[in-house]
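S.K.: fold the stuff below for me.
(4 chains)
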There are 4 protein chains.
Amino acid sequence: MLNPKLLLDLLAFRREREWEQFHNSRNLAAALAIEAGELQEIFLWAKDDELNARVEERKIEIEHEVADIAILLSYFCNDLNIDIDAAVRKKMELNALKYPVEKSRGSSKKYDAL
Amino acid sequence: MLNPKLLLDLLAFRREREWEQFHNSRNLAAALAIEAGELQEIFLWAKDDELNARVEERKIEIEHEVADIAILLSYFCNDLNIDIDAAVRKKMELNALKYPVEKSRGSSKKYDAL
Amino acid sequence: MLNPKLLLDLLAFRREREWEQFHNSRNLAAALAIEAGELQEIFLWAKDDELNARVEERKIEIEHEVADIAILLSYFCNDLNIDIDAAVRKKMELNALKYPVEKSRGSSKKYDAL
Amino acid sequence: MLNPKLLLDLLAFRREREWEQFHNSRNLAAALAIEAGELQEIFLWAKDDELNARVEERKIEIEHEVADIAILLSYFCNDLNIDIDAAVRKKMELNALKYPVEKSRGSSKKYDAL
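M.R.: The predicted structure is shown next:
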């Protein structure tokens, strides 16, 4: 998913610090959820019409949280040998079956409630 | 971050279903956290020495959760005009300052406790 | 926090199944976050004016998620010897200092931005 | 779930600050998940045999996070008219059916895999 050179740099960053020992699948998944919670926290309590201003004000922080998520996802997929692009492609095909355009257009319902 | 053609397909998928109306920054961040929780749930209660078997048994499900996270992250960054690779590069540079190799090698401490 | 008899029943439920071995602090905290994500999922993508209908439609599921959170919080606090009422009382006093009425009335800002 | 006097004080705290307007079901559920993520963050990367020391070192912070979760859960249940003790009692009865002692003793498997 990331630029291959960037992924190599991330792996070198981790290796130099000998952090592989902490990065099992459970801990990486936990870290991902924690970082996603931090991203979410930025928008908490905002009214809908305040969201754009919130994004403006806290853009740098948002970029940091996004980066943390992308980094953790990259480590996770590297370690478990998951090809993110292929996984996304396959999931999109499944979603196309679960959410046919005619039934799901303009609806936020889950597929089992369509 | 994703292959550009894949990102275009994801955006078309969403446009056809008129789902942009549900995808504000807050909701996408919430969805990311929820999906990360589902990924994490796969490893819950497992002992360390059971993690590899867990990965084997539930590989397809793991790939689906990873795909969901990558899809949501891609929408989020597309909509907020964030370049994921650039954000990761910048965050890695910051992390290099916060976690110098000599101080952080083999340690899981946060930078403010190093 | 829970009725003392109910807490005793929860502890007996766990003991009979020999589940204490899975319930360390990290796993209970992870389970709490996962269940909170499931609760949150119920409201995902809903517009503000759809929230009441969502609550009506999915009340039983909401009660189940709330119960899971309360059960996990009760195990966590039991195991770590935390008195929830005392912790809440102390936190409310801290919050009163961080959020004085005059400054925080009608505002969703965090204390460090007031 | 909380001591009734404490719940009344929490409701007064919120009313004085006119925060009910931010506390819809979705936002409270989001806040719960975010706080549970913060609790979880305290244990992140710790090895199993470091968990007790982690609890000792960060007991006050843990109590604060627990309090935040209990406060948000109390607001949520108050606003949605949910009796936590009754919900827990009902869920425990359901769990007893899903996890019969003989089948689930010493096992961390989900009921559908037992």
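S.K.: packing partners of the longest helix seen in chain A?
M.R.: Across chain A, the longest stretch assigned as helix under DSSP state H is helix A:59-79. For helix A:59-79, the packing partners by 3 or more Cβ pairs under 8 Å, 6 or more residues apart in numbering or on different chains; DSSP states H and E come out as helix A:4-16, helix A:25-41, helix A:84-98, helix B:59-79, helix B:84-98. Where you see a C-beta, it was placed from the backbone N, CA and C, and this is true even at glycine.
S.K.: quick one: the first one to helix B:84-98, angle?
M.R.: Just to be clear, that refers to helix A:4-16. Counting by axes from the mean of the first three to the mean of the last three Cα atoms, to 10 degrees, helix A:4-16 lies at 20 degrees to helix B:84-98.
S.K.: just the element for the most far-flung residue of chain A relative to its centre, please.
M.R.: Each residue of chain A has a distance to the centre, and by Cα atoms, centre = their mean the biggest one is for A:E102: 28.2 Å. According to DSSP states H and E, A:E102 maps onto helix A:101-104.
S.K.: can you give me the buried ones in the longest helix of chain A?
M.R.: Under the neighbour-count criterion of 16 or more other Cβ atoms under 10 Å in any protein chain shown, helix A:59-79 has A:62-79 buried.
S.K.: and for stretch A:1-9?
M.R.: A:M1, A:L2, A:L6, A:L7, A:D9.
S.K.: with adjacent residues omitted, what lies nearest to the first one?
M.R.: Residue nearest to A:M1 in three dimensions, not counting chain neighbours: A:I84, with 3.8 Å by Cβ to Cβ, 6 or more residues apart in numbering or on different chains.
S.K.: what's near enough to touch that neighbour?
M.R.: By Cβ atoms under 8 Å, 6 or more residues apart in numbering or on different chains, the residues touching A:I84 are A:M1, A:L73, A:C77, B:L2, B:V66, B:A67, B:A70.
S.K.: same deal with A:L7?
M.R.: When contacts are taken as Cβ under 8 Å, 6+ apart, A:L7 is in contact with A:S74, A:N78.
S.K.: pLDDT score for it?
M.R.: Note for A:L7: predicted pLDDT of 96.
S.K.: could you do A:Y99 as well?
M.R.: With respect to pLDDT, A:Y99 scores 96.
S.K.: can you get me a residue count around A:Q40?
M.R.: Applying other Cβ atoms under 10 Å in any protein chain shown, we find 27 residues neighbouring A:Q40.
S.K.: so where's chain A uncertain?
M.R.: Applying pLDDT under 70 to chain A flags no residue at all.
S.K.: for whichever residue of it sits closest to chain D, which residues are in contact?
M.R.: Minimum separation of chain A from chain D (Cβ to the nearest Cβ) falls at A:G37, amounting to 3.1 Å. Shown in contact with A:G37 (Cβ under 8 Å, 6+ apart): B:A33, C:A33, D:A33, D:I34, D:A36, D:G37, D:E38.
S.K.: what does chain A have sitting close to chain C?
M.R.: Residues of chain A lying close to chain C by Cβ under 8 Å from any Cβ of the partner chain are A:A30, A:A33, A:I34, A:G37, A:W45, A:A46, A:D48, A:S108.
S.K.: neighbours around the first one, how many?
M.R.: Meaning A:A30. A:A30, neighbours per other Cβ under 10 Å, totals 30.
S.K.: swap in the third one?
M.R.: Burial of A:I34 is recorded as 26 neighbouring residues (other Cβ under 10 Å).
S.K.: that one against D:E41, yeah?
M.R.: Yes - here A:I34 lies in contact with D:E41, judged by Cβ atoms under 8 Å, at a distance of 4.9 Å.
S.K.: which residue, other than its chain neighbours, is closest to the residue sitting nearest the centre point of chain A?
M.R.: Closest residue to the average C-alpha location of chain A: A:I69 at 5.3 Å, with Cα atoms, centre = their mean. Closest residue to A:I69 apart from its sequence neighbours, by Cβ to Cβ, 6+ apart: A:E35 at 5.1 Å.
S.K.: distance check, that neighbour against D:E61.
M.R.: 18 Å (Cβ to Cβ, to the nearest Å).
S.K.: looking at the helices and strands packed on helix A:59-79, which is nearest to D:K91?
M.R.: Comparison of these against D:K91 by Cβ to Cβ identifies helix A:25-41 as nearest, at 22.9 Å.
S.K.: against A:H64, how distant is the closest residue in space to A:D83 that isn't next to it in sequence?
M.R.: Nearest non-adjacent residue to A:D83, counting by Cβ to Cβ, 6+ apart: A:C77, 7.5 Å away. Separation of A:C77 from A:H64 (Cβ to Cβ): 20 Å.
S.K.: same thing with A:E56?
M.R.: Counting by Cβ to Cβ - A:E56 and A:H64 are separated by 16 Å.
S.K.: likewise for A:E57?
M.R.: A:E57 is 14 Å from A:H64, by Cβ to Cβ.
S.K.: before we move on, back to that, and the contacts of A:G37, which are buried?
M.R.: Buried, going by 16+ other Cβ under 10 Å: B:A33, C:A33, D:A33, D:I34, D:A36, D:G37, D:E38, out of the contacts of A:G37.
S.K.: out of these, which is nearest to A:S25?
M.R.: Set against A:S25, the nearest of the buried ones among the contacts of A:G37 by Cβ to Cβ is C:A33 (16.4 Å).
S.K.: can you tell me the closest non-neighbouring residue to the closest one?
M.R.: C:A33 sits nearest to D:A36 (Cβ to Cβ, 6+ apart), 3.9 Å away.
S.K.: pretty sure the one you found contacts C:A29?
M.R.: Yes - counting by Cβ under 8 Å, D:A36 touches C:A29, with 7.1 Å between them.
S.K.: who in chain A is up against chain D?
M.R.: Counting by Cβ under 8 Å from any Cβ, chain A comes close to chain D at A:22, A:27, A:30-31, A:33-34, A:36-38, A:40-41, A:44-45.
S.K.: residues touching the residue nearest to C:A33, list them.
M.R.: Contacts of D:A36 (Cβ under 8 Å, 6+ apart): A:G37, C:A29, C:L32, C:A33, C:E35, C:A36, C:I69, D:I69.
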